Every structure is written in C-alpha cells, then in structure tokens.
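K.L.:
Sequence below, structure please.
(one chain, ligands or ions: 2)
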Amino acid sequence: MMNRAGLDQLQLGNRFGQLPEALYSPVTPQPLKNPFLVAFSTDAAALIGLDPCQASAQQLSEYFGGHRLLPGSEPLASVYSGHQFGGYTAQLGDGRAALLGDLPGADGQRWELQLKGSGKTPFSRHADGRAALRSVIREYLASEALAALGVPTTRALCIIGSETQIYRESIEFAASMVRLSPSHIRFGHFEYFYYTRQPEQLKQLADFVIEHHYPHCYVSENPYLALYSEVVERTAKLIARWQVLGFCHGVMNTDNMSILGLTLDYGPFGFLNEYQPAYICNRSDEHGRYAYQQQPSVAMWNCVCLAQSLSGLVKKTDLERALNRFEPVYAVAYTEQMKLRLGMDDKTLQDGDLIETFLQLLQQTKADYNDAFLALQQWVIGDPEPITTLLGESEPVADWLQRYRTRIGANAAELMSQYNPRIVLRSYLAQQVIERAEQGDFNDLAQLHAALREPYKAHLEIYSQGSSDSGKNVSLSCSS
Ligand code: AMP
Ligand code: MG
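P.N.:
Ligands and ions are numbered 1, 2, ... in the order given. Reported below is the predicted structural model:
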C-alpha cells in the first residue's frame, strides 16, 4: 500500500521524452476561462496514489484547467498517423491533448497523465484544440464504467468545466479531462514511423514499448514478434469483451487502437439496446465499417496494419502466424464470457449453438440485448415474466428455454448475477446527465457515475432500456 499524496506532492517524470524527438513537440496547455470542477473519480485517483482529500476543487481546476503545471511536468503533444475508415492519413497526432508526464502508480507500474482539451498543438490541423463538455462527460463515464465491468480501458481522473466558448454545431462550453493510462501509444505511432521511412526510430519505439510494457518479451528469440503476438491476443480479447457487453466503439481507426489492448478514444460510442448486429453508433459511418458486428474483423484488419509497420523487424511469415491467432483467441474469449452471462461455467461444453440460437431469438424479437440476460436470470430463479415479455411465448423460444435448462447447473443464477450488469451506459442515461451538467448541476452525473462503479450490485436499481432511447439504437455525431 503506497502512501497517498496530495496534488501538490505529485512529482511527474517524462518517460515519453526518451523517445525519438521526431515523435513529439513540447506544448503549453492553454488556460480555460474560469475553470471549475465537474467530476472526480476517486477510483482513478487511487490508481496514482492521489488522496482525494488533498485535491481541492480549486487546485484541480487550476492544474487541469491549464493555469498551473504539476511539479516536474514537461507537457508534450505527440504525432501519429493512422488508417481512418480504411484510408491512410499521413499526419494526425495529439491535436487537443497534452501529455503532462507520468508517475508511479499504486500497482507498481507508471501511469501517464494526459490532459484532453488543453488547447491547440502543432497537430491540431484546423481545429481548436478543445473538447466540449458533453464529449468529456461521455468519455469520463464510459472509461470508468468499462473499468468497473472489467474491460481494459484508459481511465478518467476528473473533468474541469469552463466559460471558454467553442463552436461546434452550436456554441458550447469547453472542458478538459485528465486521462490516465500506462501508455497512450497507438498503432498509429508505429504507422507514422513506417510510412515516413524512419526504421531506426520505429525500432526505438518498439524497444520503448517492450521495455516499459512488455518486458517479458525480451527473453523471446525475436522480441518484436513476441510483442506483436501479444498485442494481437490482447486486442482479440478486448473486442470479445466489447461484443459480449454489446459495446460499440464507433471509430476503430488505427490511431484509436491502443498498443496495450485498451479501449481508447471514446467518441460516438454506444451500447446496444435492441439486439441488432448491424447497429452503427457513429452517424458519419455511412457504410457501417464500424458496425457492431464488424468490430472483430476490423480489429483484425487493424492488426494487419500494425504488422505492416513491423515488417522491417519481423519476418512476414511470422507476423502472419501471429495474426492467425486473432480468430481462435477471440472465439474462445467470446464463448467463455457469453457462457458466463448465461450462467454456464462448464468449460468442457462448447455451447456455441445455444448462444447462436439465443442471439437469433433476440434479433427476431428485437429484444433489448442487456435486458435479455437479466430477464433470463429472473427465469432461472423461477420468474418467467420478464423473459416472456421480451421474447414472447413462441415455440422456438420455449424450445430454446428447455434446451438451456438442461445445460445450466445449480450455480447459474449466482454466476449470472456476477456477469450481467444491472446498468450499462446507455446513450439516454449519458444524455440526461449531460443536459443537467450543461445547466451547472453535476449531482446527477455523480449519481450515475456511482451506479456505474458498481454495475453488478444486487440492490442497484435496474437501468434498462425503458426510457428515452425507447429501446431503439441511436447513432451519434462525431463532433466533440
Ligand atoms: P478523434 O476522431 O477524436 O480520434 O480525432 C482524430 C484526430 O483529430 C486526432 O488527431 C485528434 O487529436 C484530432 N482532433 C479532434 N478534435 C480536435 C479538436 N477539437 N482540436 C484539435 N484536434 C482535434
Ligand atoms: Mg482519436
């Protein structure tokens, strides 16, 4: 247990500064006008040993509203590139974020603090370097919610609001958010060095990632191959988690893919309401490249892009072999977790057919995806009403339930209560608290955050689809 420090005592290092200079530029966060604290995650604070009682709203607003720098902080913005909607964009980068530095965490690893919405950087292109309050609230809630569900993700420490005006579809107020992650390095960082033909820098980047995040890869015959294999496996497992929860990222460009296999860059994400595999949560994604059902294959496509970037360090046939692990790793992780949601922990049974038919029934009846698991849980403990309301009483439903009954054990209800969240961050829930926050009331935001922190808690009110989403899947604009 590490000693907990106050905000003033946090001492930042600058590990990213060891990387080739071509990868970043020093930046100065630009002050937000009259900053104030909107939200603070004590769970995220614990990760970096920050004592919430020694982090006043005023201090947080000053430090993370761009008015002061933490001791040791040498902020920088990093360049990267990436494949956006399938096409290569040569130069992207931290267009509205500053990496403040890194510090040792309670878990022994170092955590980076990144300030999102901190103003223009050399990589802002024509944009303003700011983030709208609504978009950081969505990222904050989603990161903390996915973390509580056990899904690998970047974290969110706090949100700072302000009176700085920004121009989106209408005039809005700018806000900032402190994002925490062991690393913010993306597939796109590797692509940047590959496509700008800087093999030496690319190797240094790979060495840096191995040294700090995959040190065990050094003992392998080819550490770069070991690194790639692990990234592929972590990515496959991450996407399995998303699919099982009905989470749709919305913008799976390679610049939004974490080299640590974390959920990164929350934009127009969404959770499934009615089970609709073709659901597209991003309004700009006209062709459904990033539709819910596409996520596993597009993640694999992104891993191909990463392989291409590593082709100077690893033989093509080795990269292909590592990539071929994606599908089996994904399939095993997906089936295992779906079975747990269905209350089945017998690993010797495949149960793929049972899962498949269940999903077909959900699709035919347009049932709410996450509600269906909770309804089934009720059925297991002897209350048939919720599942009947959702799926009806047709013969295929009755047949499936009968078959399902023979596959579950005595511990099914217990398992289901551990794996079926009573709340997921549906768009209408986020929207409600955003509207309140935009009026200066942050209580509902804190309450929703509190519920999302403990999604499996037995006496948590069930937050189902029944409200303003009206059960339909919505799509959101990319503007943020
Ligand atoms: P995203 O779609 O949020 O992943 O952003 C794609 C790229 O655009 C990244 O390089 C971002 O840093 C950049 N970007 C997005 N919004 C802004 C903004 N308001 N100001 C500057 N850069 C931005
Ligand atoms: Mg991004």
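
K.L.:
Spell out which residues make up each domain of this protein.
P.N.:
Domain segmentation of the chain under automatic domain parsing yields 7-185, 188-336, 337-419.

K.L.:
What number of neighbouring residues does residue 266 come out with?
P.N.:
25 (other Cβ atoms under 10 Å). Yep, even glycine has a C-beta here, placed from its N, CA and C like the rest.

K.L.:
correct me, but it touches residue 142?
P.N.:
Yes: using Cβ atoms under 8 Å, residue 266 makes contact with residue 142 at a distance of 4.7 Å.

K.L.:
If you count contacts, what does the longest helix anywhere in the chain end up packed against?
P.N.:
Looking across the chain with DSSP state H, the single longest helix is helix 223-245. Applying 3 or more Cβ pairs under 8 Å, 6 or more residues apart in numbering; DSSP states H and E, one finds that helix 223-245 makes contact with helix 199-213, helix 295-309, helix 316-323, helix 326-341.

K.L.:
For ligand 1, which of those helices is the nearest?
P.N.:
helix 295-309 (13.6 Å; Cβ to the nearest ligand atom).

K.L.:
Tell me if stretch 64-79 is near ligand 1.
P.N.:
No: Stretch 64-79 does not reach ligand 1 (Cβ under 6 Å from any ligand atom); its nearest approach is 8.6 Å.

K.L.:
mean confidence for that stretch?
P.N.:
Averaged across stretch 64-79, pLDDT comes to 98.

K.L.:
Could you export it as CSV, CA atoms only?
P.N.:
C-alpha atoms of stretch 64-79 as CSV (Å, rounded to 0.1, in the frame of the first residue of the first chain):
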residue,chain,number,x,y,z
PHE,A,64,-6.1,20.8,-15.1
GLY,A,65,-7.8,24.0,-16.4
GLY,A,66,-4.4,24.9,-17.8
HIS,A,67,-3.4,27.5,-15.2
ARG,A,68,-0.6,25.6,-13.4
LEU,A,69,1.7,22.7,-14.0
LEU,A,70,2.3,19.9,-11.6
PRO,A,71,5.9,19.6,-10.3
GLY,A,72,8.1,18.0,-12.9
SER,A,73,5.6,18.3,-15.7
GLU,A,74,7.0,19.0,-19.2
PRO,A,75,3.9,18.7,-21.4
LEU,A,76,4.2,17.4,-24.9
ALA,A,77,2.0,16.5,-27.8
SER,A,78,2.8,13.5,-29.9
VAL,A,79,2.5,12.9,-33.6
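
K.L.:
So which bits of the protein are right by ligand 2?
P.N.:
256, 265 (Cβ under 5 Å from the ion).

K.L.:
switch the cut-off to 8 Å
P.N.:
Selection of the chain residues close to ligand 2 by Cβ under 8 Å from the ion yields 92, 186, 251, 253, 255-256, 264-265, 267.

K.L.:
May I have the predicted confidence score for the closest residue to ligand 1 within the chain?
P.N.:
Across the chain, the shortest distance to ligand 1 (Cβ to the nearest ligand atom) belongs to residue 95, at 2.4 Å. Looking at residue 95, its pLDDT is 98.

K.L.:
And residue 369, how far from residue 201?
P.N.:
44 Å (Cβ to Cβ, to the nearest Å).

K.L.:
quick one, which of the two is more surrounded?
P.N.:
Shown here are residue 369 and residue 201; by other Cβ under 10 Å, residue 369 has more neighbours (22 against 18).

K.L.:
contacting residues around the more buried one?
P.N.:
Neighbouring residues of residue 369 by Cβ atoms under 8 Å, 6 or more residues apart in numbering: 246, 271-275, 362.

K.L.:
element containing residue 150?
P.N.:
Secondary structure from DSSP states H and E places residue 150 outside every helix and strand.

K.L.:
Name the nearest residue to it, sequence neighbours excluded.
P.N.:
Distances taken as Cβ to Cβ, 6 or more residues apart in numbering put residue 241 closest to residue 150, at 7.5 Å, once the chain neighbours are dropped.

K.L.:
Look up how far ligand 2 lies from residue 117.
P.N.:
Per Cβ to the ion, to the nearest Å, residue 117 is found 13 Å from ligand 2.

K.L.:
on that earlier part again, in JSON lines, list the helices and strands packed on helix 223-245 along with distance to ligand 1 and mean pLDDT.
P.N.:
Listed next are those as JSON lines, based on distance: least, Cβ to the nearest ligand atom, whole Å; pLDDT from 0 to 100:
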{"stretch": "helix 199-213", "distance to ligand 1": "18", "mean pLDDT": "98"}
{"stretch": "helix 295-309", "distance to ligand 1": "14", "mean pLDDT": "98"}
{"stretch": "helix 316-323", "distance to ligand 1": "24", "mean pLDDT": "98"}
{"stretch": "helix 326-341", "distance to ligand 1": "23", "mean pLDDT": "97"}
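
K.L.:
any chance of the ones you listed in TSV, with distance to residue 22 too?
P.N.:
Formatted as TSV, the helices and strands packed on helix 223-245 follow (distance: least, Cβ to Cβ, whole Å):
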stretch	distance to residue 22
helix 199-213	6
helix 295-309	15
helix 316-323	24
helix 326-341	30
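
K.L.:
Quick one: closest of these to residue 138.
P.N.:
helix 295-309 (18.6 Å; Cβ to Cβ).

K.L.:
ranges for the strands of the protein?
P.N.:
Taking DSSP state E, the strands of the chain run over residues 24-26, 36-40, 76-78, 82-84, 87-89, 97-104, 110-116, 131-132, 155-167, 171-181, 247-248, 270-271.

K.L.:
which strands and helices sit next to the longest one?
P.N.:
If I follow you right, that is strand 155-167. strand 36-40, helix 42-47, helix 57-64, helix 133-148, strand 171-181.

K.L.:
ok, now the last one?
P.N.:
Based on contacts counted as 3+ Cβ pairs under 8 Å, 6+ apart, the elements that strand 270-271 packs against are strand 247-248.
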